[in-house]
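K.L.:
here is a sequence together with a model predicted from it:
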Amino acid sequence: MRKTSGNPLFWLFWLFLFFMLVQNLSRSRDISVKQLSGNELTEAMQAGKVQGINFYPTENPRVTGKMQTEFNGKTVVVDFEVQVVGAAHLESIRKLAEEKRIQYNTAKPNVPWFGTLFNLLLIASFLLSILFFWFIFKAQTSQINTIRGGNKKFRTTFKDNKEKKTFQDVAGCDEAKEELQEIVEFLKNPAVFSGVGGHIPKGVLMIGAPGTGKTLLAKALAGEANVPFLSATGSEFIEMFVGVGAARVRALFAEAKACAPCIVFIDEVDAVGKKRGVAIGGGHDEREQTLDQILTELDGFSGDTKVIVIAATNRPDVLDEALVRAGRFDRHVQVPKPDVRGRELILKVHAKGVKLASDVDLTIVAKDTAGMVGADLANVVNEAALIAARRKKAAADKADFSEAVDKVSMGPMRKSTKLTDKEKKITAYHESGHALVAMFLRDKGADPVHKVTIIPRGPALGFTKQLPEDDRHLYTRQQLESMVAVCVGGRAAEELVIGDVTTGASNDFLKATSILRKMVCELGMSEAGLVVYREKSDFWGNSTGMDASQKTKELIERIVKETLDKIYENVKVILQEHRAKLDAMANALLERETLDAKDVLEIINSD
Ligand code: ADP
Ligand code: ZN
């Protein structure tokens, strides 16, 4: 019922009101018709004032016509109407009319077609508006009933019967699976656990970035234990009407208890479980009630209720403490982004249904996809298959995978974007700048270049992709500064070669600045000291500025700016020194559009 105005019945309701209005208006026009009694009519006819008569010998016999009358001292012609008491009366009027030679005619016994249509429409809209009210009433009662826990029709099927998953379908995340294994055992064989007096968690909080496989893990857990899987999303509980969310939570848990043992999965629990604060506005009240209801349900489980509630979040830090307290979601399972081995395993799982050419090495694809999560990897395999099909190949090969990785990470190729020769040249130098700086700062921790291209893709006109040789867990200050240097390498090359600068580097600066700010404000890597200065946010997550004094803010800004300037000057020096290689790489790019790691190395090592 949130979007009442989008409901067709809503409009029909207005249509009905409109017809009522029109009907009323036409009624009010009737009032200008002079109503006469039978005697008055006879008198008027005798006096010769009546000019024409229509007879309506219908169920409601009447006579209408035109007559002269006095109005404000003038003689005017008006319509009149007389209700006739019976056929005899009608006949006498007709006789008199003949006598007095007054024109008359007898109307057909049916009402004019327009009136019929009008009446039909009126009836139809009336019926529809009844339907409308009935609809509202129904929705309201069912909501009220759900709130009371009575009616189960509103939204109670939380059960997800789609294909069953097992831990086999989840690649990597071994630690998470191990943590969950215990719960599988409990669900399969609760007697063992209660015999020892062990305590099984009621609530498990899964923490991990979107797409890392939290839903998949929970589903697989249900599959392993062979119990039903019920799922809901946190945002689903946030409704306009206060109390509806809580009612849904109640419905969810009622269903869970009915099909226990089972798994209840609540995705995006942070939507309802944010820290509680000052109550302003209905949405907030609603969230609080919903959260309270979840807590009540969790607390209400007795030791032998075989319902395990799994909640997933990306941001455990914003969750209300009440939610993660002992006895509630106290078991935390981290679902990290996969490392290179994990990525390979995930790729293998998804490549099962896809024909692969012999030149595809998923180990290399895994290396190629640093930073991607399970959902991205599933997407890469799928895209590769689609690309291969589009190219009419029998199996997806290395090139298809390479294209798929670029597409998933950078967006689709923009074939329609036609760059001018000048733009192409600038882009070639810009990307060569990034790549050269990366290659010349290898000893300072910059990652080697994996690919450089000037084929526009997504929002970018070209890109330079670096790949770490191993998965990184820590970054040194020098590595971070090298990253910043690579970021500004594009602009430095433009300035050096073109003698002017373009708008193409805005994203690079954004990234460079954010790395530097983090180094200063959160990582204690500058003279601003080891204190952490964070952006503060209010209850709704809106930024309220930096948590620092004005003086400190100025200091931070100064450090960031000075460091960036210093790095930029340094980068310009590097590029100037290797100007010949910069030209060589830009020319190679203009010629071939894409260079891979080998091509780049060749250019770097040439003399
Ligand atoms: P989350 O709930 O963490 O946002 P999902 O569980 O919805 O992520 O994952 C989305 C999809 O990504 C899954 O359906 C699956 O195809 C794929 N996926 C994610 N992680 C893995 C994994 N570890 N192994 C296999 N596939 C995965
Ligand atoms: Zn750039």
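P.N.:
Sure, I can see it. Ligands and ions are numbered 1, 2, ... in the order given.

K.L.:
for the residue of the stretch 151-300 of the chain found nearest ligand 2, grab the count of nearby residues.
P.N.:
Proximity of the stretch 151-300 of the chain to ligand 2 (C-beta to the ion) peaks at Ala209, 25.1 Å away. For the C-beta atoms, the positions are set from N, CA and C on the backbone; glycine is no exception. Look at Ala209: counted by other C-beta atoms under 10 Å, it has 14 neighbours.

K.L.:
so who does it touch?
P.N.:
Residues in contact with Ala209 (C-beta atoms under 8 Å, 6 or more residues apart in numbering) are 314, 337, 373.

K.L.:
pick the one among those closest to Asp397.
P.N.:
Taking C-beta to C-beta as the measure, Asp397 sits nearest to Val373 out of the contacts of Ala209, at 24.5 Å.

K.L.:
secondary structure class for the residue of the stretch 151-300 of the chain closest to ligand 2?
P.N.:
coil (DSSP: H, G, I helix; E, B strand; the rest coil).

K.L.:
look up phi and psi at it.
P.N.:
Reported as degrees, to the nearest 10, the phi and psi values for Ala209 are phi -60, psi 160.

K.L.:
wait, His89 sits on Gly38?
P.N.:
Yes: if you go by C-beta atoms under 8 Å, His89 and Gly38 touch, sitting 6.2 Å apart.

K.L.:
that older thread, ok, so of the contacts of Ala209, who is nearest ligand 1?
P.N.:
Val373 (6.5 Å; C-beta to the nearest ligand atom).

K.L.:
how about that closest one, what does it touch?
P.N.:
Val373 makes contact with 209-213, 337-338 under the criterion C-beta under 8 Å, 6+ apart.

K.L.:
mark which of the residues you listed are buried, thanks.
P.N.:
For the contacts of Val373, a burial check counting by 16 or more other C-beta atoms under 10 Å picks out 211-213, 337-338.

K.L.:
so what's the residue of the stretch 151-300 of the chain closest to ligand 2 scoring on pLDDT?
P.N.:
Ala209 carries a pLDDT value of 91.

K.L.:
do Leu9 as well
P.N.:
The model reports Leu9 with a pLDDT of 65.

K.L.:
offset the numbering so it begins at 28, please.
P.N.:
Fine by me, first position is 28 from now on; the one you just mentioned is Leu36.

K.L.:
which residue packs closest to Arg314, ignoring adjacent ones?
P.N.:
Nearest residue to Arg314, sequence neighbours excluded (C-beta to C-beta, 6 or more residues apart in numbering): Val299, at 5.5 Å.

K.L.:
contacts only, for the one you found.
P.N.:
261, 264-265, 272, 314, 317-318, 321.

K.L.:
switch the cut-off to 6 Å
P.N.:
261, 264, 314, 317-318 (C-beta atoms under 6 Å, 6 or more residues apart in numbering).

K.L.:
tally of neighbours for the closest residue to ligand 2 within the stretch 378-527 of the chain?
P.N.:
Using C-beta to the ion, Gly517 is the residue of the stretch 378-527 of the chain that sits closest to ligand 2, at 3.4 Å. Residues within reach of Gly517, counting by other C-beta under 10 Å, total 29.

K.L.:
burial check on Leu350, number of neighbours?
P.N.:
25.

K.L.:
wait, a strand at it?
P.N.:
No: Leu350: not assigned to a strand; according to three-state DSSP it is helix.

K.L.:
contact partners for it?
P.N.:
Here Leu350 is in contact with 300, 356 (criterion: C-beta under 6 Å, 6+ apart).

K.L.:
on that earlier part again, downstream of the host helix or strand of the residue of the stretch 378-527 of the chain closest to ligand 2, the next helix or strand is which one?
P.N.:
Using DSSP states H and E, Gly517 falls within helix 504-525. Per DSSP H and E, the first helix or strand lying C-terminal to helix 504-525 is helix 533-548.

K.L.:
counting contacts, what elements does that next one pack onto?
P.N.:
Counting contacts by 3 or more C-beta pairs under 6 Å, 6 or more residues apart in numbering; DSSP states H and E, helix 533-548 packs against helix 504-525, helix 577-604.

K.L.:
would TSV of the ones you listed with distance to Glu620 be doable?
P.N.:
Below are the helices and strands packed on helix 533-548 laid out as TSV (distance: least, C-beta to C-beta, whole Å):
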stretch	distance to Glu620
helix 504-525	17
helix 577-604	22
